[in-house]
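In: my questions concern the predicted model and sequence given below.
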Amino acid sequence: MKKKQEYIQVLGSRVHNLKNIDVKIPRNQLVVITGLSGSGKSSLAFDTIYAEGQRRYIETFSAYARQFLGNLERPDVDKIDGLSPVIAIEQKTTNRSPRSTVGTITEIYDFLRLLFARVGTAYSFHTNEKMVQYSDEKIQDLILQNYNNQKINILSPTIKSRKGHYRELFEQIAKQGFVRVRVDGEIIEIQKGMRLDRYKTHDIEIVIDRIKVSETSKKRLAEAIKIAMYHGENVILIVEQETKKARYFSRNLMCPTTGIAYNKPEPNSFSFNSPKGACPKCNGLGTVNEVSIDKIFPDKSLSIQNGGIAPIGEAKNTWIFKQLKTIGQKFNFNLQTPIKDISKNAMDVILYGGKDSFDIESKLMGVTQNYQIEFEGIEKFIKNQYEQSGSSSIKRWAKGFMNENTCSQCNGTRLKKESLFFKINGKNIGELSQMDIIELAKWFKNLQLSKTEQLIGTEILKEIKDRIQFLLDVGLDF
């Protein structure tokens with residue numbers, strides 16, 4: 001006689017995201033619960049069935065034993081029948097690091113990094129031109145070919161578009177035996193105590209040699225290139241004596257127009273977990289916490305006196321409110337003025353700080369009094385507390401006045417600008433990382449590489465395609 005099928009019957013489960021679910025599960029059989037993330041699989045299996053089975057089991061213990069175990073709450077369910085003592089094997093969780101992605105966990109991203117390091121084509125982030133790379137011998141041949149019988153200056157780029165007076169730099173260059181530099185496009189002799197306008201951006205190159213290019217000057221040219229490469233960190237600049245036309249050459253990947261150079265790519269150049277690849281602004285996280293003006297002033301109809309500046313609360317007899325009162329005297333408001341009626345100039349000082357002194361003449365007393373403003377600024381104070389405080393509670397307090405925004409420098413790709421200008425078939429690694437699995441599989445299926453690139457990337461591409469196909473096969477394409 002066939003044994004009657006028994007069931008675990010769950011009626012009206014409302015645990016977490018379950019919406020009054022009824023279900024019958026056959027006993028003594030292997031039963032699988034499947035569904036999308038967030039559909040309630042764990043809520044049904046662990047937080048309803050297992051939780052109720054464990055609660056009933058513990059209720060069989062004596063009162064003495066239960067005091068060490070504690071009481072378990074009954075799950076939010078109308079009725080569960082057919083339960084026996086339960087055992088649950090805990091779900092394995094992956095690393096909760098904010099740096100982990102589907103790509104890193106499945107190692108697809110690791111092979112993508114390797115692929116871009118081996119077959120990626122570099123482009124200039126200034127001009128979008130394809131980067132070029134030369135050996136010293138090739139550079140010498142190009143100079144002999146393009147500047148034959150012309151007078152040229154061979155220079156080493158030292159400073160590119162940076163502010164400063166550079167007095168110490170000029171002294172150091174002179175001590176090394178060089179007598180001329182090119183400053184902002186003009187070649188001049190180094191003078192003792194020479195300095196530039198510290199508030200303007202400058203380009204400075206050391207003049208290594210002035211040569212008339214010919215076969216007889218070949219040896220001198222080779223020596224000048226070697227010295228120029230050393231002082232220019234593998235980049236040199238050739239300037240024609242007559243036309244002043246300039247051209248860059250580099251041992252590294254280099255933009256032929258602007259002279260910017262990239263280091264030789266390696267897998268870490270495309271890793272947001274490495275300083276070599278991570279965006280410097282967000283440290284490879286793709287998001288940054290930025291102070292929210294709306295959270296600082298949640299109700300602009302309130303005055304400073306009544307707590308209009310949320311981080312500092314209502315007015316107290318403290319230094320910060322004395323400084324705000326002083327700022328008000330300069331910008332014609334007081335602590336009773338609603339936030340919305342305070343001028344933009346005053347709000348800029350309140351938010352971002354300022355140092356100033358001003359005089360106010362008292363009409364009644366007939367005297368002039370001097371006031372000093374030395375205010376850090378609410379925004380800067382919150383930011384400093386979040387970034388520099390060693391206290392986790394203070395960090396949490398500061399974070400309460402911040403929003404998590406997509407990093408404006410890398411647009412959420414987590415990578416340095418240089419890393420995003422290595423491309424394969426017009427796509428950078430950040431764009432591939434944003435694709436869903438189906439789209440990525442299609443892109444690799446249609447990928448066209450040259451014979452050399454195909455030879456280099458065959459094994460890498462096989463690993464990437466196998467891992468993508470595995471995700472598709474197990475239904476994780478969503």
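Out: The structure has been received and is ready for your questions.

In: can you give me the neighbour number for residue 232?
Out: Neighbours of residue 232 under the rule other CB atoms under 10 Å: 24. (Each C-beta comes from the backbone N, C-alpha and C, glycine too.)

In: what sits against it?
Out: For residue 232, the contacting residues are 155-158, 205-206, by CB atoms under 8 Å, 6 or more residues apart in numbering.

In: going by distance to residue 304, which of those residues wins?
Out: Distances from residue 304 to the contacts of residue 232, taken as CB to CB, are shortest for residue 158 (50.3 Å).

In: okay, and the closest one sits in which element?
Out: Element membership of residue 158, judged by DSSP states H and E, is strand 151-163.

In: given that strand, what are its sheet partners and their directions?
Out: In the sheet containing strand 151-163, its partner strands are strand 201-212 (antiparallel), strand 235-240 (antiparallel), by DSSP bridges.

In: now those in TSV, with mean neighbour count?
Out: Formatted as TSV, the strands paired with strand 151-163 follow (neighbours: other CB atoms under 10 Å):
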stretch	mean neighbour count
strand 201-212	19
strand 235-240	22
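
In: where does the prediction get shaky in the stretch 101-250 of the chain?
Out: Judged by pLDDT under 70, the stretch 101-250 of the chain has no weakly predicted residues.

In: out of the strands paired with strand 151-163, the one nearest residue 297 is which?
Out: strand 201-212 (35.8 Å).

In: what comes up buried for the following helix or strand past that closest one?
Out: Next along the chain after strand 201-212, taking DSSP H and E as the criterion, comes helix 218-231. Across helix 218-231, burial judged by 16 or more other CB atoms under 10 Å covers 221, 224-225, 227-229, 231.

In: tilt between helix 218-231 and strand 201-212?
Out: Helix 218-231 and strand 201-212 are oriented at 160 degrees to each other (axes from the mean of the first three to the mean of the last three CA atoms, to 10 degrees).

In: helix 218-231 packs against which elements?
Out: Helix 218-231 is packed against helix 136-146, strand 151-163, strand 201-212, strand 235-240, with contacts defined by 3 or more CB pairs under 8 Å, 6 or more residues apart in numbering; DSSP states H and E.

In: quick check: buried residues in the second one?
Out: Buried residues in strand 151-163, counted by 16+ other CB under 10 Å: 152-159.

In: closest to the mean position in this structure, which residue would that be?
Out: residue 282 (3.0 Å; CA atoms, centre = their mean).

In: which residue sits closest to that one, ignoring its sequence neighbours?
Out: residue 407 (3.8 Å; CB to CB, 6 or more residues apart in numbering).

In: picking up where we left off before, make a markdown table out of the helices and strands packed on helix 218-231 and add distance to residue 249.
Out: Conversion of the helices and strands packed on helix 218-231 to a markdown table gives the following (distance: least, CB to CB, whole Å):
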| stretch | distance to residue 249 |
| --- | --- |
| helix 136-146 | 5 |
| strand 151-163 | 10 |
| strand 201-212 | 13 |
| strand 235-240 | 5 |
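
In: relative to residue 377, which of the ones you listed is closest?
Out: Taking those one by one with CB to CB, strand 151-163 is closest: 23.2 Å.

In: okay, now the residue nearest to residue 282: neighbour count?
Out: Around residue 407 there are 20 residues (other CB under 10 Å).

In: settle this for me: it is touching residue 289, isn't it.
Out: No - with contact defined as CB atoms under 8 Å, residue 407 does not count as touching residue 289 (10.5 Å).

In: quick revisit: tell me who's in contact with the residue nearest to the centre of the chain.
Out: Residue 282 neighbours (CB under 8 Å, 6+ apart): 288, 407, 409-410, 414.

In: of the residues you listed, closest to residue 401?
Out: Nearest member of these to residue 401, counting by CB to CB, is residue 288, at 14.4 Å.

In: wait, the closest one touches residue 405, no?
Out: Yes - counting by CB under 8 Å, residue 405 is a contact partner of residue 288 at 6.0 Å.
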